[in-house]
Every structure is written in C-alpha cells, then in structure tokens.
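Participant: I would like to see how this sequence folds:
(4 chains)
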Protein chains: 2
Amino acid sequence: MNDTGARLIEAATEAFASRGFHGTTTRDIAERAGVTPGAVYVHHKSKEDLLYAISARGHDNVLRLVRDCVADGSQPTTEKMRHLVREFARWQASHHTSARIVNYELRFLGPEHFASAQENRRQIQAIFRNLVAQGCEEGTFSSDDVDFTVVAIFSLCIDIGRWYSQKSHWSVDEVADNICSLVMKMLQP
Amino acid sequence: MNDTGARLIEAATEAFASRGFHGTTTRDIAERAGVTPGAVYVHHKSKEDLLYAISARGHDNVLRLVRDCVADGSQPTTEKMRHLVREFARWQASHHTSARIVNYELRFLGPEHFASAQENRRQIQAIFRNLVAQGCEEGTFSSDDVDFTVVAIFSLCIDIGRWYSQKSHWSVDEVADNICSLVMKMLQP
DNA sequence: GTCTATAATATGATAGAC
DNA sequence: GTCTATCATATTATAGAC
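Facilitator: Residues are numbered from 1 along each chain as shown, chains lettered A, B, ... in the order given. Now for the predicted structure:
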C-alpha cells in the first residue's frame, strides 16, 4: 500500500486537474486519499504546498526528459527534433492529469514557487529553441521567426492537456506521432 | 458611461481570466465594477450566470466570425483557409481575456450551459473540418489524419489565450500571420 | 437600482486526544 | 500519524431600507 503523503499527492493531482486549484477543497483531497482533513497538514503544510509539489515534480521530470533527448550529440538535427517533440508530446498525453496542473495552475503558486517553475520552463524552452535555431543555420529547417515557431511547437504539445483524455480515440503514441509529423512539416525548408 | 450590467460582465471577464472562476469572488467582481456585492444579483442571478454570459457571448461571436469567413463560395480553398485561420487566431489574440474564459473555464458551467457551449464549439470545429477535408479531396491540402489536423489547428489558436498578453512582443496581426503561415505549411501536400 | 446588513454555509488550517 | 472537534475567516446569496 502507498503511504499517505504520496496518496495525497495523487489525490490532489486528480482533484486540481478536474476542478482547478481554487475549485478543490482540502476536504476533497483528504476524502480522495481516504483520510480526514486534519491528516493533510501532517504531510503538506498548506494547499499551495501540494500544488507546488505536483508542479515541481512535473517540471523536473520534463526537464530531465528533454535534456536526455538532445544529449546524444552524434544524432542529426532532424532526428534529435523528432525524438524531442515525440517524447515531449508523449509526456503531455500520458501524464495529462499532471500536465494540466503543470501548464494551467501555475499562476496559483506563491511568488517564489512560481518563479522557480518559470525558471524551469525557461530551460525547457531553451532546449527547443537551440535545436530549431541549429537546424535553421544548417539549412535542415526553415522558419520565418524562430521564437514564434518554438511557441507554436509548445502550443501543439501543451494544449494536449486541455483536450486529451483516456476516452480519446487516439492512443498516446498516435498523438505523439501525429504532432511530431506536423511539427516536421512546419519546419520543412 | 456604461450601465452596471455591462460593467459587471467586463469586471467578471478580467477577474475570471486572471484568477479563474473559483479563484474569483463576487466581491472581487463587484469591487472591480465599482458597486457593492449586493448589486451584482440585481443584474445576474448567480456567479455561474456571469460565467455563462461571458461564455455565450464569446462562443456566439466566434461562430459568427468563422461562418462569415467561409461564406464566400467563390474563393479558392486555400484563400478560405488562410482567411479562416487568420481571423480565428486574431480573435483569440485580440480577445485574449475573454478567450481564456471561453476556452479554459468552460468546465465550471452548469450542465445545461456547458452542453450549450459544447454544441457551439462542435459547430465551429465542423467548419474547420469541412474546409480541411475539402482541400484534401481537391489535392490542395494533404493530411495523414484530417480530424487530428483540425485538433492541431485548434491547439495553435486556442493556446494563444494561455501565452499571449499585451506585453507580448508580437502584435495581434503578427500572431495571426505567423500562425496562418505555420498552418499552411502543415497542410502543404 | 444601489446600499447596508446579515443569513447560511464552506473553507483553510490548528489543537489536543489517542 | 490519524482522528475528532473547532477556530477564524471567507463566501454566495438574500432581505429590507432608501
């Protein structure tokens, strides 16, 4: 059996994803985790602290994921990009519950926690930007505006958390493959 | 000067967009509109009613907008698509405050209001789907999966409400033009 | 139509027993 | 570590005076 601290994180993830941070009460979370409201505060010092725990874990996992994708220097830019987009999109779809919180509930973090999340996102975005820019220099890719193209790639992937659900008629892999091939068309010279 | 009913809608739009539906109190809305909390209920019977008013107006405006874009039957498919995507993206950017509510606060509507919004969105989506499908039949466009391509076009446009703000270094027209040209690349045979 | 005042309830968080 | 009980406050919505 899971320990209560972890079960509370899971419960909060589901609750925040479906009803939003402010639409979720500490009682909702406690009930979903099978404990009474008082027990929440033994493991997490506030509701915002639960949000931060979910946000931090999500951002850390994504940053590690995208770093690994571009780590193999021997791969050609096109292959790196395919790998990067596919894995990033895969994460958004397979973790769509966490993804929703990571991408849409950010603004409810306290100022320091928000800044920490933003720094993480900046680093994730920089990895995409560097790869797009490199491809453009090589002539492998083309883009009228590199920064905007990165925003667009993010839009395609992040929006997955808004529309994707288990009952979607596309599997996680189909979503990732489709987005990957659309991004490659966007980058085509 | 505006009448209070309309000022309350404006106030609620800004409040819901920045703090979310459940993060906004009727006191916030009343204060922003320059009235006391009691006055809210003379004009709108509940907080959810305010959300629905904003949602309904937004959805109606978008549906009218996209219908007008495809009304001119004499235009070639490519031109129709350019026009449609540009205007849809323009709306999301220029009305990014309303757009955020229309696209992200939907789930907090009551069941009937939610169903009504969903029906509206279905019609908007159908207009995009028909045009993509028509272009694919003609050979003007190509797509591995028409439904997914429509989802992707929507992702690019709807996500504007998440990342765009007045301090963005792209103007509304630049956003619309960039998205339009990326969509046309995605549809290229 | 707007105000002041308030009812009825919900909420985040804590105290103290076990 | 969890429970019961509760504090202090906030919240949606309404009642009645002006």
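Participant: For the rest of this, base every contact and every neighbour count on C-alpha atoms.
Facilitator: Will do.
Participant: Could you pick out the longest helix of chain A?
Facilitator: helix A:111-138 (DSSP state H).
Participant: Give me the distance from it to the chain's centre.
Facilitator: 13 Å (Cα atoms, centre = their mean, to the nearest Å).
Participant: Could I get the buried residue list for it?
Facilitator: The neighbour-count check on helix A:111-138 (16 or more other Cα atoms under 10 Å in any protein chain shown) flags A:113-114, A:116-117, A:120-121, A:124-125, A:127-129, A:131-133, A:135-136 as buried.
Participant: What is that helix packed up against?
Facilitator: Helices and strands touching helix A:111-138, by 3 or more Cα pairs under 8 Å, 6 or more residues apart in numbering or on different chains; DSSP states H and E, are helix A:47-71, helix A:77-94, helix A:146-158.
Participant: how does it look with 6 Å?
Facilitator: Taking 3 or more Cα pairs under 6 Å, 6 or more residues apart in numbering or on different chains; DSSP states H and E as contact, there are no helices or strands that helix A:111-138 lies on.
Participant: That one close to DNA strand C?
Facilitator: No: between helix A:111-138 and DNA strand C, judged by Cα under 7 Å from any atom of the strand, nothing touches; the nearest distance is 14.3 Å.
Participant: State the mean pLDDT of that helix.
Facilitator: The average pLDDT within helix A:111-138 is 98.
Participant: Tell me what angle it forms with helix A:146-158.
Facilitator: Here helix A:111-138 runs at an angle of 120 degrees relative to helix A:146-158 (axes from the mean of the first three to the mean of the last three Cα atoms, to 10 degrees).
Participant: Could you list the residues of chain A in contact with chain B?
Facilitator: A:22-23, A:155-156, A:159, A:182, A:185-186 (Cα under 6 Å from any Cα of the partner chain).
Participant: Put together CSV for those residues, with neighbour count, pLDDT and distance to B:A99 on each row.
Facilitator: Converted to CSV, these look like this (neighbours: other Cα atoms under 10 Å in any protein chain shown; pLDDT from 0 to 100; distance: Cα to Cα, whole Å):
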residue, neighbour count, pLDDT, distance to B:A99
A:H22, 17, 98, 20
A:G23, 16, 98, 20
A:S155, 22, 99, 15
A:L156, 24, 99, 17
A:D159, 27, 98, 14
A:L182, 23, 99, 25
A:K185, 19, 98, 28
A:M186, 23, 98, 25
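Participant: Contacts for stretch A:94-107 next, please.
Facilitator: A:17, A:55, A:92, A:161 (Cα atoms under 6 Å, 6 or more residues apart in numbering or on different chains).
Participant: Which of those sits closest to DNA strand D?
Facilitator: A:A17 (19.4 Å; Cα to the nearest atom of the strand).
Participant: can you tell me the helix or strand for the closest one?
Facilitator: helix A:4-19 (DSSP states H and E).
Participant: helices or strands up against that helix?
Facilitator: helix A:26-33, helix A:96-104.
Participant: Is there a quick ChimeraX command that grabs whichever of the contacts of stretch A:94-107 are buried?
Facilitator: Buried subset of the contacts of stretch A:94-107, written as a ChimeraX selection, criterion 16+ other Cα under 10 Å:
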select /A:17,55,92,161
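Participant: so can I have CSV of the contacts of stretch A:94-107 showing distance to B:L84 and pLDDT?
Facilitator: As requested, the contacts of stretch A:94-107 are exported to CSV (distance: Cα to Cα, whole Å; pLDDT from 0 to 100):
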residue, distance to B:L84, pLDDT
A:A17, 32, 98
A:S55, 36, 98
A:Q92, 28, 99
A:G161, 25, 98
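Participant: Any residue of stretch A:22-36 touching DNA strand D?
Facilitator: Yes: using Cα under 7 Å from any atom of the strand, stretch A:22-36 reaches DNA strand D at A:34-36.
Participant: Could you list the buried residues of that stretch?
Facilitator: Quick answer for stretch A:22-36 (16+ other Cα under 10 Å): A:22-26, A:28-30, A:32-33.
Participant: before we move on, what about stretch A:41-58?
Facilitator: A:44, A:47-52, A:54-56, A:58.
Participant: Can you pull the phi/psi pair for A:S142?
Facilitator: phi -140, psi 150 (degrees, to the nearest 10).
Participant: shouldn't it be in contact with A:C136?
Facilitator: Yes: look at A:S142 against A:C136 with Cα atoms under 6 Å: they come within range, at 5.2 Å.
Participant: returning to that earlier point: among the buried residues of helix A:111-138, which one sits closest to A:L63?
Facilitator: A:I124 (5.7 Å; Cα to Cα).
Participant: Without its sequence neighbours, what residue ends up closest to the closest one?
Facilitator: Of all residues not flanking A:I124 in the chain, A:L63 sits nearest, at 5.7 Å (Cα to Cα, 6 or more residues apart in numbering or on different chains).
Participant: Can you give me the domain boundaries for chain A?
Facilitator: Chain A breaks down by automatic domain parsing into domains covering A:1-44, A:53-187.
Participant: Reformat those as CSV; add distance to B:V146.
Facilitator: Converted to CSV, those look like this (distance: least, Cα to Cα, whole Å):
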stretch, distance to B:V146
domain A:1-44, 29
domain A:53-187, 11
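Participant: will you turn the buried residues of stretch A:22-36 into TSV that also has distance to B:V70?
Facilitator: Below are those laid out as TSV (distance: Cα to Cα, whole Å):
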residue	distance to B:V70
A:H22	40
A:G23	39
A:T24	42
A:T25	45
A:T26	48
A:D28	46
A:I29	47
A:A30	51
A:R32	48
A:A33	50
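Participant: what residues does chain A put near DNA strand C?
Facilitator: So far as Cα under 7 Å from any atom of the strand goes, chain A lies against DNA strand C at A:22-27, A:37-38, A:40-41, A:45-48.
Participant: Thank you, goodbye.
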